[in-house]
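K.L.:
Give me a 3D structure for the following:
(chains A, B, C and D)
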There are 2 protein chains.
Amino acid sequence: MSEHDDRLPVWCAGKEWCPITATATLIGKKWHPVVIHRLLDGGPMGFNELKEDVGGISSKVLSDSLDDLEEKQLVNREIVSEKPVRVNYSLTDQGESLEPLIYEMRDWGMDHLVAAEDEEDAIA
Amino acid sequence: MSEHDDRLPVWCAGKEWCPITATATLIGKKWHPVVIHRLLDGGPMGFNELKEDVGGISSKVLSDSLDDLEEKQLVNREIVSEKPVRVNYSLTDQGESLEPLIYEMRDWGMDHLVAAEDEEDAIA
DNA sequence: CAGAATCCCAGTGGATACTG
DNA sequence: CAGTATCCACTGGGATTCTG
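P.N.:
Here you go, the predicted model:
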């Protein structure tokens, strides 16, 4: 542990290191949570399979996202075969550990936003 | 319920409406999670109090964030007095319902990123 | 199949200064 | 006290095209 322990309350604030901001920085980009969710739920898979599964994402953006997630140690990239090229994406242990968080996001959305959508439909 | 129910698995995909992306859209901006966390943990408070509490955020950005959170129905803005101007920010019920998610973010960060920080320190 | 290369744009977020 | 007003730099993400 570092010297900030006596200054920083457990919950943190933005002044120094903040676990919430840190977490948000890791998975806060547009497609990251969904990509992780697909890998959690669908197991290891290839690039185009993942692309299909995520849906609505371009190759470039998925590629960028995967690069970022790999750099952040949340996703493993494994070359399975050379000809034809076959790559397998899976979650690292760190990535897998996000399971409760990702599911919490999904469940919250289901519980609190579906209803809102329906209300809007009702109004419209 | 709408007609997509038979096409969309419970977990969703990006193709149509996705609860994960929807949730991320709500709280995915840089300071949103921290602001919500401060309000969860510190109760209703005024603008500058919140600014201090969050730490490292400018007036403009906090103002923008609060506008956005208010528009998204996660935060209440209540004018308490006119002279001097006194405003009170608090969470709506919808905002409060994010408690498990926000705490999950905090806890995950504490559990999985503090160690990483320490490793980096060790290497450096 | 799994991307890389380019181009481009809108949206954040930060700095600074000012106000009712 | 609680913001606004500017200005700006950055970058994330989308469309399109090309490649080993």
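K.L.:
Would you mind listing what in chain A touches DNA strand D?
P.N.:
Listed as neighbours of DNA strand D in chain A under the rule Cβ under 7 Å from any atom of the strand: A:29-31, A:57-61, A:64-65, A:84-85. To be clear about C-beta, it is placed using only N, CA and C from the backbone, and glycine gets the same treatment.
K.L.:
Neighbour count, pLDDT and secondary structure for the residues you listed - can I get that in CSV?
P.N.:
Formatted as CSV, the residues of chain A next to DNA strand D follow (neighbours: other Cβ atoms under 10 Å in any protein chain shown; pLDDT from 0 to 100; DSSP: H, G, I helix; E, B strand; the rest coil):
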residue, neighbour count, pLDDT, secondary structure
A:29, 17, 96, coil
A:30, 15, 95, coil
A:31, 22, 96, coil
A:57, 20, 95, coil
A:58, 9, 95, coil
A:59, 10, 97, helix
A:60, 8, 97, helix
A:61, 15, 97, helix
A:64, 14, 97, helix
A:65, 21, 98, helix
A:84, 5, 88, coil
A:85, 10, 93, coil
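K.L.:
near chain B, from those?
P.N.:
Subset of the residues of chain A next to DNA strand D in contact with chain B: A:30-31, A:57, counting by Cβ under 8 Å from any Cβ of the partner chain.
K.L.:
JSON lines please, covering these and showing distance to residue A:78.
P.N.:
Listed next are those as JSON lines, based on distance: Cβ to Cβ, whole Å:
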{"residue": "A:30", "distance to residue A:78": "25"}
{"residue": "A:31", "distance to residue A:78": "20"}
{"residue": "A:57", "distance to residue A:78": "21"}
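K.L.:
Between those residues, which sits nearest residue B:41?
P.N.:
residue A:30 (27.5 Å; Cβ to Cβ).
K.L.:
what's near enough to touch that closest one?
P.N.:
B:21, B:24, B:28 (Cβ atoms under 8 Å, 6 or more residues apart in numbering or on different chains).
K.L.:
and if you look at residue A:38?
P.N.:
A:45, A:50, A:53-54, B:13.
K.L.:
Just to check, residue A:57 is in contact with residue A:47?
P.N.:
No. Counting by Cβ atoms under 8 Å, residue A:57 does not reach residue A:47; the two are 11.1 Å apart.
K.L.:
Start and end of stretch A:16-35, how far apart?
P.N.:
30 Å (Cα to Cα, to the nearest Å).
K.L.:
Identify the residues contacting the closest residue to residue A:28 other than its chain neighbours.
P.N.:
The shortest distance from residue A:28 to any non-neighbouring residue, by Cβ to Cβ, 6 or more residues apart in numbering or on different chains, is to residue B:28 (5.5 Å). Contacts of residue B:28 were listed using Cβ under 8 Å, 6+ apart, and they are A:24, A:28, A:30.
K.L.:
before we move on, back to that, what is the nearest of the contacts of residue A:38 to DNA strand D?
P.N.:
residue A:54 (10.2 Å; Cβ to the nearest atom of the strand).
K.L.:
these two touch, right, that closest one and residue A:35?
P.N.:
Yes. Contact status for residue A:54 versus residue A:35: in contact at 6.1 Å, counting by Cβ under 8 Å.
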